[in-house]
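Q: next one to model:
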Amino acid sequence: MRDMAKGANLGLMFLLEIAVYLAVGRWGFTLAAALPVKLLAGLGGPLLFATVWGLLAAPKARVRLRGLARAGLEIAWFGGGAVALIAAGSPAAAAVFTALYLVNAALRITWHGGLAWR
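A: Modelled structure (predicted):
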């Protein structure tokens, strides 16, 4: 049963990661700016986030952060997603997103013994 819960929590983390890309893209496309700026922010923002995640947090990252550095990256990453939702005019979605992330992180910390993520 616990393995199933851990798997579900990892699945939730994946969905939250995808939600960050969507939130940042939505923010970019809802800017009160000219179309080229919207395109740059709406497509470039998620690309920037993907690059950071791929370099520092992905399972096959060359320099995979651990411990407090990983915690800081996650706070900035998922916090950025929440801020993007607020900036795009969806504070309720940002609150739900943040709550789900906090539950997810608490369970990962509990199950994996502190901040030593795999």
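Q: most residues in a single helix of this structure, which one?
A: The longest helix of the chain (DSSP state H) is helix 2-29.
Q: any idea of the angle the next helix or strand after it forms with helix 2-29?
A: Sequence-wise, the next helix or strand downstream of helix 2-29 (DSSP states H and E) is helix 35-56. Between helix 35-56 and helix 2-29, the angle formed by their directions is 150 degrees, by axes from the mean of the first three to the mean of the last three C-alpha atoms, to 10 degrees.
Q: just checking, what packs against helix 35-56?
A: helix 2-29, helix 67-87 (3 or more C-beta pairs under 8 Å, 6 or more residues apart in numbering; DSSP states H and E). All C-beta spots, glycine's among them, are computed from the backbone N, C-alpha and C.
Q: what helices or strands is the longest one leaning on?
A: Secondary-structure packing of helix 2-29 (3+ C-beta pairs under 8 Å, 6+ apart): helix 35-56, helix 67-87, helix 91-112.
Q: which of these is buried the deepest?
A: helix 67-87 (a mean of 17; mean count of other C-beta atoms under 10 Å).
Q: before we move on, back to that, tell me the angle the longest helix of the chain makes with helix 67-87.
A: Counting by the same axes, to 10 degrees, helix 2-29 lies at 50 degrees to helix 67-87.
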